[in-house]
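Peer 1: Below are the sequence and a predicted model; questions follow.
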Amino acid sequence: MARRGADFVGTMEVQERHRFDVAPLERYMSGHVTGFVGPLKVEQFRGGQSNPTYRLTDGAGRQYVLRRKPPGKLLPSAHAVDREFRVISALNRTDVPTPRAYALCEDDSVVGTPFYIMEFCDGRVLWDPLLPEIPVELRPAIYEAKIDTLARLHKADWQGLGLADFGRPGSYVARQISRWGKQYKASETEPIEAMDRLLEWLPANAPPGDETTIVHGDYRLDNMIFHRSEPRVLAVIDWEISTLGDPLAELSYLCMMYRVPESQGGIEGLDLASQGIAGEQQMLRWYCERTGRSIPPNWDYYMAYNLFRVACIRQGVYARSLDGTAANRLAGESGKLVRPNAELAWSIARRLGAR
């Protein structure tokens, strides 16, 4: 949701805590990545709060991306680069735009932690949902491309792609609440009453059942690489928390910014029409047209759930910033939004009858 901008664009010198000996990686790529030639140059992307992400350039000028688990103590089940590699490899066989997956290495002796190597997609990342760098007349097409790509993902044949065991079908929202609630408690740094109330109310009111699709888990504008001159998605990135789940939970996550005030990184209350930005209802119409689904009467529950989930994720990022394992140098800022996100989620829950 947050409009983050220049602090997350481009590469930088590899941070001290994320450095590794390049020679073993060069030897590994020589044996596992077709066409690779040394020597190898390594830079670190400024983005990538969870898994440190690097741009690799070989001796012929070809570029690749490396994603690795961060060093240090990690939360259970977090930073699953093997899952990222698996789902990207599967989706490479569909019309869902994903970077080409090249190699997965689970041998800690190469760079210190497990990692995978994928294609470098030479496009642009759009950080601000108001799209100031895009002409007004082209902005609706960017928003439509987001929905079109999401619809393709949700229509992908997860069973035919060999992903039947990639998650548990059904009860996705309830399981997510349990998972993120536990991770929140494991990284809690201060008591927040709204979070404690949500931890009780959300499970008791979760949808009784749901449809199953592949879900990205963090599907938003800045996790997409767009063509440099066309309103077209070249690749969806950062698949760390992808699984099998409820497509409406993912759609509502994408639309959550319409309910969040600008002070918390959203666009609620802004004059979107004059800026060429598609509104929440237009996004829902586009999605329904492409998937044949309908929006449920408990749509607002999904909004409260997603705000809770985001608060949990931000708490985890903040906790890693305190112990020095967060990949992004601005990760500490996440802590400032945990309480506002939780309180906004609880306000929605109260409108739905929570006490």
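Peer 2: The structure has been received and is ready for your questions. Numbers count the residues shown, from 1 in each chain.

Peer 1: Correct me if wrong: Tyr28 contacts Cys105.
Peer 2: Yes: counting by C-beta atoms under 8 Å, Tyr28 touches Cys105, with 6.2 Å between them. Yep, even glycine has a C-beta here, placed from its N, CA and C like the rest.

Peer 1: who has more neighbours, the two?
Peer 2: Shown here are Tyr28 and Cys105; by other C-beta atoms under 10 Å, Cys105 has more neighbours (23 against 20).

Peer 1: right, and that one touches Pro114 too?
Peer 2: Yes: at 6.5 Å, Cys105 counts as touching Pro114 under the criterion of C-beta under 8 Å.

Peer 1: Tell me, how many residues neighbour the nearest residue in space to Gln44 that is not next to it in sequence?
Peer 2: Sequence neighbours aside, Val14 is the residue nearest to Gln44 in space, at 4.5 Å (criterion: C-beta to C-beta, 6 or more residues apart in numbering). A total of 15 residues lie near Val14 under the criterion other C-beta under 10 Å.

Peer 1: what does Glu200 give?
Peer 2: Residues within reach of Glu200, counting by other C-beta under 10 Å, total 11.

Peer 1: what about it, helix or strand, and which?
Peer 2: helix 193-204 (DSSP states H and E).

Peer 1: residue ranges with poor pLDDT in the stretch 51-200 of the chain?
Peer 2: 72-79 (pLDDT under 70).

Peer 1: what are the ranges of the strands in it?
Peer 2: Ranges of strands in the stretch 51-200 of the chain, per DSSP state E, counting those that start in this stretch, are 53-57, 63-68, 101-105, 115-119.

Peer 1: can I get these in TSV with distance to Cys255?
Peer 2: Formatted as TSV, the strands of the stretch 51-200 of the chain follow (distance: least, C-beta to C-beta, whole Å):
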stretch	distance to Cys255
strand 53-57	27
strand 63-68	27
strand 101-105	29
strand 115-119	28
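
Peer 1: So for Val338, which of these sits nearest?
Peer 2: strand 53-57 (23.8 Å; C-beta to C-beta).

Peer 1: List the contacts of the closest one.
Peer 2: Residues from elsewhere that reach strand 53-57 (C-beta atoms under 8 Å, 6 or more residues apart in numbering): 11, 14, 25, 29, 40-45, 47, 63-68, 117, 120, 327.

Peer 1: Next, please give the residue ranges for the helices of the protein.
Peer 2: 22-32, 81-91, 108-111, 139-155, 172-187, 193-204, 247-255, 280-291, 299-323, 335-351 (DSSP state H).

Peer 1: possible to save those as JSON lines with distance to Ser263?
Peer 2: Shown next, in JSON lines, are the helices of the chain (distance: least, C-beta to C-beta, whole Å):
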{"stretch": "helix 22-32", "distance to Ser263": "42"}
{"stretch": "helix 81-91", "distance to Ser263": "32"}
{"stretch": "helix 108-111", "distance to Ser263": "39"}
{"stretch": "helix 139-155", "distance to Ser263": "22"}
{"stretch": "helix 172-187", "distance to Ser263": "22"}
{"stretch": "helix 193-204", "distance to Ser263": "17"}
{"stretch": "helix 247-255", "distance to Ser263": "19"}
{"stretch": "helix 280-291", "distance to Ser263": "19"}
{"stretch": "helix 299-323", "distance to Ser263": "14"}
{"stretch": "helix 335-351", "distance to Ser263": "8"}
